[in-house]
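Peer 1: turn this into a model:
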Amino acid sequence: MISDTRFSYLFKVITLALLYFIAGKISFAISSENSIVSIVIFTSEGFALASVLLFGRKLWLGIFIGQFFLTYNALPLYGTASIAIINSLEAILAVTLFKYFKLNIQLLSTKDVFGLIGLIVFILQPLSALLSNTILLNFSLIAPSEFYKSVFSWWFGNIMGQILITPTLILLYTRWKRVKIIELIGVGLFFASTSYLFQVIIPILNVSLLLSVTLPLIIYISSQKGLEYATFSVVTITMVTLYLMQINQGIFSSPSEIDNIINLNFYFLSQMLLLLIIGTLFHERKQRENKLQSLIAKEVAKNKEQTNIMLQQSRLAQMGQILNMVAHQWRQPLNNLLLINDLLVYKYEKKKLTDADVKEFNEESTLQIKQMSGTIDDFRDFFHPRKVKSNFLLNDVLEHILLIMHPIFKASEIKLIFKEEKEIYLYGYSNELAQAILNILYNAKDALIEHTTQEKRIIEIGLTRSNHTILITITDNAGGISEDVIHYIFDPYFSTKEKNNGTGLGLYMSKMIIEKHMGGELSIQNNGKGATFTITFQAE
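Peer 2: Numbers count the residues shown, from 1 in each chain. Predicted coordinates for the structure are as follows:
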C-alpha cells in the first residue's frame, strides 16, 4: 500500500467521502425504491472497495463519512452511524481477506479476478446486507415481510456497483502508465455512440441480441488494448444506458419496471463478468507467450554461447591438426636444408669450399625456404574464413585438400583414391567446406590407424553429380562403426576413439558447417568394410 502524509491522507478521505456521497445520491435518484435500499447499481460501494484495496484500510473513514451523510435524513442518528460503521468494517474486512488469500491488486490472473468476485458476492455483501437490513428492520424502515426482499436488493445493488466500478478503477490505476488518455477517451466515445445507436437510432429490442453486438466489441478492445480499456468501455455503456432509461428511451424504458430492472442488471453484469474472465484469460495467455518468448530467447542465447564455446574448442583442435600438417609439409625441406648446411660446413672444414658451392648453397636453400613459405601461404589462404559466398570449383577444393593431407597420409601409409567426374561447381563457402571435409578425413585416418594394419589402409573420395544433386563420398575400410553408437556420431563431445583421445567436436562442427552454413546434408552409414560419409548438396 502507498504510504500517506497527513495532508495526502486527509485529501483522500475527503475525496472518497464526496465520491461515495455523490455516487450514492445518483444511484438512489434512478431507483424507484426508497432512499436507503436499491436494487439498481449502487456505485458508491465500487468506489469504496477500490479505494481501500489501492490505498489501504485507513480510508475506512472516508467511507464512514460518505455513508453517514448519505443516510443522514433517512434514519435516526444511531441507525445512520450503525450502517456507516458496517460499511466501514466491510472495507476493512475486504483488505484483510484480499491479503489473506494473496490476491494480486493488479488482477493479473483468473485467480485474482475470481477471488475478488467471490469476496464481493459471498462474503462482503451478504454480511453487509444482513447487518444493515437488520438495523433498518429495528427502526421499522422496512416491514418484516419485506426483509428478505430488502436484503436481496441491498446485496444485488452493491454487487453490481462493486463488480462494475472496482475492477475498472483498479485496472486504470495500476496500469496507468500504459493507458493513453486520448485513446481512452476515444474508446469511451465509441461505446457511448454505439450504445446510443443501437438503443435509440437503430433500436435493438432484445437484450440478448444487444449483448451479442456489444460484447464482441468489448472483448476485441480487451485483446487489442488491454482489460483496463475494456472495463472502462463497460462502465461507459452502463452510464449511457442508465441515462437513456431515465429519459425513457431505449430498450430498458418499457412499461414493466420489473422487466427493466432484470434486463438492465443482466445486461450490465453479464458484460462485466464475461469480460473479466475472458480478458484475464487473454492477459494470462499473453503473459505465458511473453514468458515463453523470454525463455526461448534465453535458450537461444545459451545455445549460441555453447556453440561459440564448442567452435573455439573445435578451432583449437583443428589448429593442432594444421600444425601437424605444416610439420609434415616442412619435414622434407628442413631435412634438405640440414643436408645442404652440413655439406657446406664439410667443404669449408676441408678447405674445398668454392664460389660455385656457395652459389649452389644459396640457390638450394632459397628454393627450400620458398617452398616452406609457400606452404604457409597455402595454409593461411586455405583456412582463412570466407564471409561472402561464391561460386567455386569443387574439384579444386578436394585436390587442394589431398595435396595438404598427402604428407600425413603418406606417413601413416594410407592409400588415397580420388574419383571425380567432370568439373562441378557449388555456391557457398569453399574454405568452410574444406575444413569440414578435413575433419572427416582426420576422423577416417584415426580410425584406420586404430583398427587396421598399414598394408590395408585405404580412403576413397568420390565426387559425382546427378541432375541437381551433388554427392561427395568419403569411404574408409576401418571396419565401420558400431550400430549402437552410429546415431550419436555427430553429437557434440561424443567420441569413438580409444581412451577418449578425441574431443568429439570435429564431426559435430562438420555437420554444422555443411547443413547450417552450406545448406547441405551430412550422413554416415556402414558399407561392410568400413564407414562412408556422404555429403549431399542440391545445385541449381
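Peer 1: okay, and the residue lying farthest from the centre of the chain sits in which element?
Peer 2: In the chain, the residue that sits farthest from the middle, by C-alpha atoms, centre = their mean, is Lys351; the gap is 84.1 Å. Secondary structure from DSSP states H and E places Lys351 outside every helix and strand.
Peer 1: buried ones in stretch 23-32?
Peer 2: For stretch 23-32, a neighbour-count test (16 or more other C-beta atoms under 10 Å) marks 23-24, 26-28, 31 as buried. For the C-beta atoms, the positions are set from N, CA and C on the backbone; glycine is no exception.
Peer 1: out of the residues you listed, who's nearest Ile202?
Peer 2: Of all those, Ile202 sits closest to Ile26, with 28.2 Å by C-beta to C-beta.
Peer 1: pLDDT (mean, whole number) over stretch 429-437?
Peer 2: Average pLDDT, stretch 429-437: 85.
Peer 1: what's near enough to touch the nearest residue to Leu103 once chain neighbours are set aside?
Peer 2: Sequence neighbours aside, Gly115 is the residue nearest to Leu103 in space, at 4.4 Å (criterion: C-beta to C-beta, 6 or more residues apart in numbering). Going by C-beta atoms under 8 Å, 6 or more residues apart in numbering, Gly115 touches 98, 101, 103.
Peer 1: would you map out the domains in this protein?
Peer 2: 1-174, 389-538 (automatic domain parsing).
Peer 1: all strands for the stretch 201-350 of the chain, in order.
Peer 2: Using DSSP state E, counting those that start in this stretch, no strands are found in the stretch 201-350 of the chain.
Peer 1: just the buried ones out of the contacts of Gly115, please.
Peer 2: Taking 16+ other C-beta under 10 Å as the criterion, what is buried in these is 98, 103.
Peer 1: after the worst-scoring helix or strand of the chain on mean pLDDT, which helix or strand is next?
Peer 2: Using mean pLDDT, DSSP states H and E, the weakest-scoring helix or strand in the chain turns out to be helix 355-382, at a mean of 75. On the C-terminal side of helix 355-382, the nearest following helix or strand under DSSP H and E is strand 390-393.
Peer 1: following that following strand, which helix or strand comes up?
Peer 2: Remark: after strand 390-393, the chain's next helix or strand is helix 394-411, criterion DSSP H and E.
Peer 1: what residues sit buried inside stretch 283-293?
Peer 2: In stretch 283-293, counting by 16+ other C-beta under 10 Å, buried: His283.
Peer 1: so how far is stretch 68-87 off the chain centroid?
Peer 2: Distance, stretch centre to chain centre, for stretch 68-87: 54 Å (C-alpha atoms, centre = their mean, to the nearest Å).
Peer 1: which residues are in contact with that stretch?
Peer 2: Contacts for stretch 68-87 (C-beta under 8 Å, 6+ apart): 17, 20-21, 24-25, 34-36, 44-45, 48, 63-65, 67, 128, 131-132, 135-136, 138-139, 141.
Peer 1: ends of that stretch, what's the gap?
Peer 2: 10 Å (C-alpha to C-alpha, to the nearest Å).
Peer 1: and if you look at stretch 422-439?
Peer 2: 25 Å.
Peer 1: tell me the buried residues in it?
Peer 2: For stretch 422-439, the buried set under the neighbour-count rule, 16+ other C-beta under 10 Å, comprises 424, 426, 428-439.
Peer 1: coming back round to it: list only buried entries from the contacts of stretch 68-87.
Peer 2: Buried among those by 16+ other C-beta under 10 Å: 17, 20-21, 24, 35-36, 44-45, 48, 63-65, 67, 128, 131-132, 135-136, 141.
Peer 1: could you say what helices and strands the longest helix along the chain packs with?
Peer 2: Counting residues, the longest helix in the chain under DSSP state H turns out to be helix 257-349. Secondary-structure packing of helix 257-349 (3 or more C-beta pairs under 8 Å, 6 or more residues apart in numbering; DSSP states H and E): helix 110-118, helix 147-174, helix 207-225, helix 227-246, helix 355-382, helix 394-411, helix 430-451, helix 506-512.
Peer 1: quick one: end-to-end distance for stretch 478-491.
Peer 2: Using C-alpha to C-alpha, one end of stretch 478-491 lies 21 Å from the other.
Peer 1: about what we covered before: go through the domains of the chain and find the least confident stretch.
Peer 2: domain 389-538 (a mean of 84).
Peer 1: for Leu141, grab phi and psi.
Peer 2: When quoted as degrees, to the nearest 10, the phi and psi of Leu141 stand at phi -80, psi -20.
Peer 1: what do you get for Ala143?
Peer 2: Backbone torsions for Ala143, taken as degrees, to the nearest 10, come to phi -80, psi 150.
Peer 1: tally of neighbours for it?
Peer 2: Look at Ala143: counted by other C-beta atoms under 10 Å, it has 10 neighbours.
Peer 1: can you check Thr5 too?
Peer 2: 8.
Peer 1: list the buried residues for stretch 76-86?
Peer 2: Neighbour-count burial for stretch 76-86, with 16+ other C-beta under 10 Å as criterion, is recorded at 79-86.
Peer 1: now Lys419: which helix or strand?
Peer 2: Using DSSP H and E, the element containing Lys419 is strand 415-420.
Peer 1: list the strands paired with that strand, with their directions.
Peer 2: With DSSP bridges as the test, strand 415-420 is paired with strand 458-466 (parallel).
Peer 1: so how far is the partner strand off the chain centroid?
Peer 2: Distance, centroid of strand 458-466 to centroid of chain: 46 Å (C-alpha atoms, centre = their mean).
Peer 1: skip ahead from that strand and say which helix or strand is next.
Peer 2: Next along the chain from strand 458-466, counting by DSSP H and E, comes strand 469-476.
Peer 1: any buried residues in that next one, and which?
Peer 2: 470, 472-476.
Peer 1: which outside residues touch it?
Peer 2: 394, 398, 424, 426, 437, 440-441, 444, 447-448, 458-465, 527, 530-539.
Peer 1: just the buried ones from those residues?
Peer 2: 394, 398, 424, 426, 437, 440-441, 444, 447-448, 458-463, 465, 530-533, 535, 537.
Peer 1: without its sequence neighbours, what residue ends up closest to Ser254?
Peer 2: Of all residues not flanking Ser254 in the chain, Asn260 sits nearest, at 5.9 Å (C-beta to C-beta, 6+ apart).
Peer 1: what of Ile117?
Peer 2: Leaving aside its chain neighbours, Ile117 sits nearest to Ile163 (6.5 Å; criterion: C-beta to C-beta, 6+ apart).
Peer 1: how many other residues sit next to that neighbour?
Peer 2: 24.
Peer 1: repeat that for the one 4 residues further on.
Peer 2: Around Pro167 sit 29 other residues, with neighbours defined as other C-beta under 10 Å.
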